[in-house]
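Participant: Build the 3D model from these lines:
(chains A and B)
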2 protein chains.
Amino acid sequence: MEIEIKFKLKEGVKERVKQIAEFVIKKEEIDIYFNSPIRDFKESDEALRVRKDIEGVKITYKGPKIDKETKSREEISVKVDNFENAIKILKKLGFKPVKEVRKIREIYRTDNAIICIDKVNGLGEYIEIEINHDDINLKEKLFEIAEGLGYSRDESIRESYLELLMKYANDKLNTDPEQKSYKSKKLH
Amino acid sequence: MEIEIKFKLKEGVKERVKQIAEFVIKKEEIDIYFNSPIRDFKESDEALRVRKDIEGVKITYKGPKIDKETKSREEISVKVDNFENAIKILKKLGFKPVKEVRKIREIYRTDNAIICIDKVNGLGEYIEIEINHDDINLKEKLFEIAEGLGYSRDESIRESYLELLMKYANDKLNTDPEQKSYKSKKLH
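Facilitator: Numbering: from 1, shown residues only, chains lettered A, B, ... in the order given. Predicted coordinates:
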C-alpha cells in the first residue's frame, strides 16, 4: 500500500525539505490516465496509469482510497519496456485515455519517507510525503514530518492530480461565459 | 502482425527442421490466458496472455485472425518485470484467468522464418512456422517451408493451443458418462 499525504507547496518549504532530506533525482513524469469500460473509475475511486520518465515506463493500478485524512491506497505496478505498446494494449482491451498529467518531480529521501516536490502542468506546485507500507497508522509519521515543514493535518489534500485537473477543467467550464451561454442554449 | 501456420508434429519432421534451420533456444513457457469483462474473447477471436519463461515476462494482446488458411493476427506485446503483479493488475481491471497453457518450446531460425517445435501439456507435439510482417502474402513463404517438411496446406491448424485445450476439455465433458448423466439429469 502507498501511504501518502499531499499539500500545496508553501514558501520556504522546499528549503526546509533540503535540510531534513537527501536529494535523489529531478525528472519529468508524463502520465496517461485511463478509464475502464466496465465502471467509471471516478465513481469507484480507482485509477489506471501509464507513466513515462527518464527511468522507464510503468503501468500502475490504484485502488480506492482507504483513509479519510490521507490519499493512501493500494498500488500495483509493473515496469514495461514500451510506452506506445502499453497504451495500445490498454486501448484494445477497451480502456479509454482520459487525461495526460505532466509534472517536474524532485524526489528527496529521509530515513522514514519519500518526499516529492511536484510542479504540475496547469495546477502549480505541491508536496507529497509518502511511504510504502501496509500499516495505515504510519500516516502519523508522515504528519509529523509535515508538521515540521509547517503544515497542519487539515491542510492535507486527498485528491490526486488527475482529480484536481478534472475539477479545475469543470470549474472553468462552469465559469467560462462562452461555455455558460452554450450550456443555457442547450437547456432551452 | 504475426503471420503463422501450425501443424501436428509428424515423425521425422524435427530432424528435417534441424537440417534447414539453426537452433536458438529450448525453454518452458507458462501462459495464463484471460477473458474480458466486456466481451467474450472466444466469440471475438481475441486473446490476452501473460507469459513467463526463462527470458522474462510478457503481456500480449492478440487480435482476431485475419486469414482463412493461417492463424495470422495482430499481436501487441510489452515485456514486464513482474509476473504476479501483471496478473494482479489484470484481475483488478476485471479480467478473469481462464486457462494455463504450459509447453516446452524449441525455437529454430531460418533466413525467412522462425520455427517452433512445441510439446504442449495435455495436447501433444506441434510445429509452428512464423514471421513478423504486415504482408499476409508472405504466408506463401511459410507454406513453402512447410511443404519442404512434408506438410500440405490443408493440414494447417488455425486454432490456438488455448482453443485446442478448451475444445479437448469440452469433448471430454461430452463423452464422459458421468458428465452425460449429469447433463441429462439437468435437462429433465
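Participant: So which bits of chain A are right by chain B?
Facilitator: Counting by C-beta under 8 Å from any C-beta of the partner chain, chain A comes close to chain B at A:36-38, A:46, A:48, A:59, A:61, A:63, A:76-82, A:85-86, A:88-89, A:92-95. C-betas here are computed from N, CA, C, even on glycine.
Participant: Please indicate which of those residues are buried?
Facilitator: Neighbour counting by 16 or more other C-beta atoms under 10 Å in any protein chain shown classes A:36, A:46, A:48, A:59, A:61, A:63, A:76-80, A:85-86, A:88-89, A:92-95 among the residues of chain A next to chain B as buried.
Participant: What about those, which are in helices?
Facilitator: Judged by DSSP state H, the subset of these located in helices is A:Asn85, A:Ala86, A:Lys88, A:Ile89, A:Lys92.
Participant: closest to A:Leu149 among those?
Facilitator: Distance ranking of these against A:Leu149, using C-beta to C-beta, places A:Ala86 first at 35.3 Å.
Participant: right, and that closest one touches A:Val57 too?
Facilitator: Yes - the pair A:Ala86 / A:Val57 is scored as a contact, 6.3 Å apart, by C-beta atoms under 8 Å.
Participant: which neighbours do these two share?
Facilitator: Both A:Ala86 and A:Val57 are contacted by A:Val50, A:Val80, under the criterion C-beta atoms under 8 Å, 6 or more residues apart in numbering or on different chains.
Participant: biggest helix in chain A by residues?
Facilitator: Max-length helix for chain A by DSSP H is helix A:161-175.
Participant: export that helix as PDB, just CAs?
Facilitator: Below are the C-alpha coordinates for helix A:161-175, written out as PDB (Å, rounded to 0.1, in the frame of the first residue of the first chain):
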ATOM      1  CA  TYR A 161      -3.500  15.400  -9.600                       C
ATOM      2  CA  LEU A 162      -5.900  13.800 -12.100                       C
ATOM      3  CA  GLU A 163      -8.900  14.700  -9.900                       C
ATOM      4  CA  LEU A 164      -7.600  18.200  -9.300                       C
ATOM      5  CA  LEU A 165      -7.100  18.800 -13.000                       C
ATOM      6  CA  MET A 166     -10.600  17.400 -13.800                       C
ATOM      7  CA  LYS A 167     -12.200  19.600 -11.200                       C
ATOM      8  CA  TYR A 168     -10.300  22.600 -12.500                       C
ATOM      9  CA  ALA A 169     -11.400  21.900 -16.000                       C
ATOM     10  CA  ASN A 170     -15.000  21.500 -14.800                       C
ATOM     11  CA  ASP A 171     -14.900  24.800 -12.700                       C
ATOM     12  CA  LYS A 172     -13.500  26.600 -15.800                       C
ATOM     13  CA  LEU A 173     -16.400  25.200 -17.800                       C
ATOM     14  CA  ASN A 174     -18.900  26.400 -15.300                       C
ATOM     15  CA  THR A 175     -17.500  30.000 -15.000                       C
END
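Participant: Only the buried residues of it, if you could.
Facilitator: Neighbour counts over helix A:161-175 (16+ other C-beta under 10 Å) mark A:Tyr161, A:Leu162, A:Glu163, A:Leu164, A:Leu165, A:Met166 as buried.
Participant: before we move on, what about stretch A:22-29?
Facilitator: Neighbour-count burial for stretch A:22-29 [16+ other C-beta under 10 Å]: A:Glu29.
Participant: For A:Leu123, list the residues it contacts.
Facilitator: Contacts of A:Leu123 were listed using C-beta under 8 Å, 6+ apart, and they are A:Tyr161, A:Leu164, A:Leu165, A:Tyr168.
Participant: quick one: contacts of stretch A:61-74?
Facilitator: Outside of stretch A:61-74, the residues within contact range by C-beta under 8 Å, 6+ apart are A:1-6, A:44-49, A:75-77, A:136, A:139, A:142, A:153, A:156-160, B:88-89, B:92-93.
Participant: For chain A, which segments are assigned as helices?
Facilitator: A:13-20, A:41-44, A:83-92, A:139-148, A:161-175, A:177-187.
Participant: Let me know which of those is the nearest to A:Ile32.
Facilitator: Nearest to A:Ile32, of those and by C-beta to C-beta, is helix A:83-92 at 6.3 Å.
Participant: If the residue nearest to A:Glu155 when sequence neighbours are not counted is in a bridge, with which residues?
Facilitator: In this structure, A:Glu155 finds its nearest non-sequential neighbour in A:Phe7, 5.4 Å apart by C-beta to C-beta, 6 or more residues apart in numbering or on different chains. When bridges are called by DSSP bridges, A:Phe7 pairs up with A:Ile127.
Participant: residues near A:Phe7, how many?
Facilitator: Using other C-beta atoms under 10 Å in any protein chain shown, A:Phe7 is surrounded by 18 other residues.
Participant: how near is the nearest residue to A:Ala21 once chain neighbours are set aside to A:Ser160?
Facilitator: Nearest non-adjacent residue to A:Ala21, counting by C-beta to C-beta, 6+ apart: A:Tyr108, 3.6 Å away. Separation of A:Tyr108 from A:Ser160 (C-beta to C-beta, to the nearest Å) stands at 20 Å.
Participant: okay but A:Val17 is in contact with A:Ile117, surely?
Facilitator: Yes - using C-beta under 8 Å, A:Val17 is in contact with A:Ile117, at 6.6 Å.
Participant: shared neighbours of these two, anything?
Facilitator: Common contact partners of A:Val17 and A:Ile117 (C-beta under 8 Å, 6+ apart): A:Tyr108, A:Ile127.
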